[in-house]
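Visitor: can you look at this prediction? I've put the sequence above it.
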Amino acid sequence: MAWLPERETFGPERPTVRDIDTLNRVFAEAFTDRYRRDGLAGVRVPQLNPVIWRYAIEDAGDGAMVWRDADGQIVAFNMVHHSGREGWMGPIAVRPDRQGAGLGKSMIRVGIEWLRERGARTIGLETMPRTVENIGFYGQLGFLPEHLTITLTRDLPRRLGPPPELLARAADRTARLAECRDLTNRLAPGTDFTRELTLSLDLAIGDTVLIRDPGAEGVRGFALWHSAPLAGGRPQDEVRVLKLVAEDLRAFEAVVHGVQAAAATAGIRRIAIRCQSRFQEAYSWLLEQGFRVHWTDLRMTLRGFPEPPPSGVLLSNWEI
Ligand SMILES: CC(C)(COP(=O)(O)OP(=O)(O)OC[C@H]1O[C@@H](n2cnc3c(N)ncnc32)[C@H](O)[C@@H]1OP(=O)(O)O)[C@@H](O)C(=O)NCCC(=O)NCCS
């Protein structure tokens, strides 16, 4: 009898924290292989910090999906997230030996359906702009190319402003969260980052800076940041902004100053902001401040499920 590779897969199933090691192996293997095929032969993609996986799995909830082979080994995963009206997917990977057989397409279709059922009106993802196969793959599934997400980093100067207001230190956390929800809802009706803000505090991986005018009601801006290292085994040397909401450019600038001061207070000297290039004024201002371009991703949204028109500045990271 001819030997035939085992092609059976089962899923989606919801992973638990016990699956993090295997998820990490599939992640590092699939992305290292992807970079090698893109000509970056020397790049070895590290495994993620387990607590970052935990954040991804718990943030996704039922949207955390894995597929297994007949032996129960994870062969593919898609982390599907929804923040009110906003839905996005990532990270996504199929183990290299299982690629090209249709599993990726069915994972994305399941993810789209899951988001539609939950009322998402934006459905998006980000991929590497140089990776033509991925752009084609998502294109066939109905995803259209949009703007770039440009990762900007800055080594912080020694002298920074006073320590900002932080969610972790709030006497009334529920009221502060409601202020953040109200501002987000005003700028992007239906979008809600409360779960991300709360989960980051619960896992002790980051915090949220709040900016307000003295005496005025509500916040003018806020930013959720993580200081836990993204890659496993690395030191805590960078603050990454995951969500930044500001009612206007002035508030945006104040939020960035607040995050920088929070980083400095925590003894961290580097900050990374993933800025969607459609916020051109915010992008230009960051460059003027001395931020350097570090990385680019291409944002794609499903036909009929675009991002809402920009109002204020709303940077929503579609990567963990
Ligand atoms: C991207 C990935 C998830 C796709 O999963 P997969 O199981 O290999 O994908 P499938 O076999 O279901 O589908 C691949 C489809 O892309 C299409 N495709 C590939 N290159 C293409 C191109 N240049 N233009 C248009 N379509 C292309 C294929 O033709 C195929 O469609 P078809 O079956 O209709 O011909 C997988 O390759 C992977 O894990 N890559 C490494 C990690 C990664 O890049 N993750 C995504 C980051 S955003």
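Guide: Sure, I can see it.
Visitor: from here on, just use CA atoms for contacts and neighbour counts.
Guide: OK.
Visitor: residue boundaries of the strands in the chain?
Guide: For the chain, strands defined by DSSP state E occupy the ranges 9-13, 64-69, 74-83, 86-94, 122-127, 143-155, 165-166, 206-211, 221-226, 239-246, 270-276, 292-302, 313-316.
Visitor: need the winner for burial among the ones you listed.
Guide: Among these, strand 221-226 has the highest mean neighbour count (mean count of other CA atoms under 10 Å), at a mean of 27.
Visitor: so what does it touch, helix or strand wise?
Guide: When contacts are defined as 3 or more CA pairs under 8 Å, 6 or more residues apart in numbering; DSSP states H and E, strand 221-226 sits against helix 173-187, strand 206-211, strand 239-246, helix 249-265.
Visitor: try it again with 10 Å
Guide: Applying 3 or more CA pairs under 10 Å, 6 or more residues apart in numbering; DSSP states H and E, we find strand 221-226 packed against strand 165-166, helix 173-187, helix 194-202, strand 206-211, strand 239-246, helix 249-265, strand 270-276, strand 313-316.
Visitor: could I get these as JSON lines with distance to Phe10?
Guide: Shown next, in JSON lines, are the helices and strands packed on strand 221-226 (distance: least, CA to CA, whole Å):
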{"stretch": "strand 165-166", "distance to Phe10": "44"}
{"stretch": "helix 173-187", "distance to Phe10": "38"}
{"stretch": "helix 194-202", "distance to Phe10": "29"}
{"stretch": "strand 206-211", "distance to Phe10": "35"}
{"stretch": "strand 239-246", "distance to Phe10": "32"}
{"stretch": "helix 249-265", "distance to Phe10": "43"}
{"stretch": "strand 270-276", "distance to Phe10": "35"}
{"stretch": "strand 313-316", "distance to Phe10": "32"}
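Visitor: closest one to Leu103 among the ones you listed?
Guide: Leu103 lies closest to strand 313-316 among those, at 27.8 Å (CA to CA).
Visitor: who are the packing partners of that closest one?
Guide: Using 3+ CA pairs under 10 Å, 6+ apart: strand 313-316 touches helix 173-187, strand 221-226, strand 239-246, helix 249-265, strand 270-276, helix 280-288.
Visitor: which of the ones you listed sits closest to Pro310?
Guide: Of all the helices and strands packed on strand 313-316, helix 173-187 sits nearest to Pro310, with 7.9 Å by CA to CA.
Visitor: now do the buried residues in that closest one.
Guide: 176-177, 179-184, 187 (16 or more other CA atoms under 10 Å).
Visitor: I'd like the helices and strands packed on strand 221-226 as a markdown table, with distance to Trp285 and mean pLDDT appended.
Guide: Listed next are the helices and strands packed on strand 221-226 as a markdown table, based on distance: least, CA to CA, whole Å; pLDDT from 0 to 100:
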| stretch | distance to Trp285 | mean pLDDT |
| --- | --- | --- |
| strand 165-166 | 23 | 96 |
| helix 173-187 | 20 | 98 |
| helix 194-202 | 26 | 98 |
| strand 206-211 | 18 | 98 |
| strand 239-246 | 14 | 98 |
| helix 249-265 | 8 | 96 |
| strand 270-276 | 11 | 98 |
| strand 313-316 | 12 | 98 |
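Visitor: quick check: domain ranges of the chain?
Guide: The record's domain parsing of the chain by automatic domain parsing lists 9-144, 152-316.
Visitor: including distance to the ligand, could those go into TSV?
Guide: Output for those, formatted as TSV (distance: least, CA to the nearest ligand atom, whole Å):
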stretch	distance to the ligand
domain 9-144	3
domain 152-316	9
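Visitor: follow-up on the earlier one: among the strands of the chain, which is nearest Asp33?
Guide: Counting by CA to CA, Asp33 lies closest to strand 86-94 out of these; the figure is 10.9 Å.
Visitor: by contact count, what packs against the closest one?
Guide: Counting contacts by 3+ CA pairs under 10 Å, 6+ apart, strand 86-94 is packed against helix 20-37, helix 50-60, strand 64-69, strand 74-83, helix 103-117, strand 122-127, strand 292-302.
Visitor: mean pLDDT for the ones you listed - can I get that in a markdown table?
Guide: Converted to a markdown table, these look like this (pLDDT from 0 to 100):
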| stretch | mean pLDDT |
| --- | --- |
| helix 20-37 | 96 |
| helix 50-60 | 98 |
| strand 64-69 | 97 |
| strand 74-83 | 98 |
| helix 103-117 | 98 |
| strand 122-127 | 98 |
| strand 292-302 | 98 |
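Visitor: my read is that Pro164 contacts Asp207, right?
Guide: No. Counting by CA atoms under 10 Å, Asp207 is not a contact partner of Pro164; they are 11.3 Å apart.
Visitor: which neighbours do these two share?
Guide: Residues touching both Pro164 and Asp207 (CA atoms under 10 Å, 6 or more residues apart in numbering) are 259, 262.
Visitor: what is the distance between stretch 184-198 and the centre of its chain?
Guide: With CA atoms, centre = their mean, to the nearest Å as the basis, stretch 184-198 stands 15 Å off its chain's centre.
Visitor: buried stuff in that stretch?
Guide: Residues of stretch 184-198 classed as buried: 184, 187-188, 190-194, 196-198 (neighbour count, 16+ other CA under 10 Å).
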